[in-house]
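Colleague: coords please:
(one chain, ligands or ions: 1)
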Amino acid sequence: MDIVLASGSPRRHELLERAQLNFTTLSVDIDETPLDNESPTDYIERMVATKANAAIQQLSDTSQVNHDSLTSPFIILTSDTIGVLSDGKTVLVKPVDREHAYSMWQRMSDNVHEVWTAVQATQVQLLPKVEQSPSEPTRCLQIINQQRITERTEVAFIPLTTQMMSDYWDSGEPVDKAGGYGIQGLGAAWVSRINGSYTNVVGLPLAQTLALIKEMTEGSMDIVNPL
Ligand SMILES: Cc1cn([C@H]2C[C@H](O)[C@@H](COP(=O)(O)OP(=O)(O)OP(=O)(O)O)O2)c(=O)[nH]c1=O
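Modeller: Numbers count the residues shown, from 1 in each chain. Okay, here's the model as predicted:
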């Protein structure tokens, strides 16, 4: 069954490529601002669902995106990664500026936080094309199955100094990463220990994602699990 990875994250692309699966990609752009008092669970579930809806919207509009080679039904994968502080309530997203990054890092310093990644697999089928007008070719996608997993990994940070934070921010690495660090990059130097899936921290829990795809396709896909 065809898979569309609806993600602009190069880390997610690389991780899924490691499974030797054929898939196409699509970038979705949504507002990722947490709502007031939104719990980590509510936030992350809202994010993967909103990303899936945005992908369906794009795939429905053939004037914007052409995925004619997709065979119906197919699976849309969406994913979201956040940090959660040890209070269990505070969500760590991508830093909007240096001050925001420092405020997250001060609370992560010499402390343990969790990284959560949610993955939603949305199975859709193509319904016959509706011709609205020649300039608006549209196709209709219907959701036939939807499943979601959330994987959690514990991450411990060493004590951080202001100099370390300043140098790290200046490296440019933190800006597009939840909690403002990349365990796969320079951020690895801040991590003293992890408990759980490493690929989950990088943005896509690979073994669990493959299991989800396999379950949704009722085992019909021959997935090479490289782990
Ligand atoms: C904690 C951590 C996060 N990250 C990344 C994974 C995600 O790409 C990013 C969190 O932002 P997300 O909103 O989950 O993803 P994204 O905006 O990069 O991509 P898309 O929504 O298009 O799928 O943080 C790392 O690369 N390394 C890390 O150690």
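Colleague: stretch 29-49: end-to-end distance?
Modeller: From its first residue to its last, stretch 29-49 covers 13 Å (CA to CA, to the nearest Å).
Colleague: and for stretch 89-107?
Modeller: 13 Å.
Colleague: quick one: the lowest-mean-pLDDT helix or strand in the chain to chain centroid distance?
Modeller: Least confident helix or strand, the chain: strand 112-131 with a mean of 90, by mean pLDDT, DSSP states H and E. Relative to its parent chain, strand 112-131 has a centroid offset of 10 Å by CA atoms, centre = their mean, to the nearest Å.
Colleague: give the pairing partners of that strand; include direction for each.
Modeller: Strand 112-131 has these partner strands in its sheet, going by DSSP bridges: strand 74-84 (antiparallel), strand 137-157 (antiparallel).
Colleague: ok, and what's touching whichever helix or strand comes after the shortest one?
Modeller: The element immediately downstream of strand 74-84 (helix or strand, assigned by DSSP states H and E) is strand 91-92. Taking CB atoms under 8 Å, 6 or more residues apart in numbering as the criterion, the residues outside strand 91-92 that touch it are 34, 38, 40, 43, 82-85, 104, 108, 113, 178-180. C-beta: built from backbone N, CA, C; applies to glycine.
Colleague: if any of the residues you listed are buried, give me the PyMOL selection for them.
Modeller: Here is the PyMOL command that selects the buried residues among the contacts of strand 91-92 (16 or more other CB atoms under 10 Å):
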select buried, resi 34+40+43+82+83+84+85+104+108+113+178+179+180
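Colleague: got the contacts of strand 91-92 as TSV, with distance to the ligand columns?
Modeller: Converted to TSV, these look like this (distance: CB to the nearest ligand atom, whole Å):
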residue	distance to the ligand
34	11
38	15
40	13
43	11
82	7
83	6
84	11
85	13
104	11
108	10
113	9
178	4
179	5
180	8
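Colleague: the longest helix along the chain: which residues count as buried?
Modeller: For the chain, the helix with the greatest residue count under DSSP state H is helix 40-60. By neighbour count on 16+ other CB under 10 Å, the buried set for helix 40-60 is 40, 43-56, 58-60.
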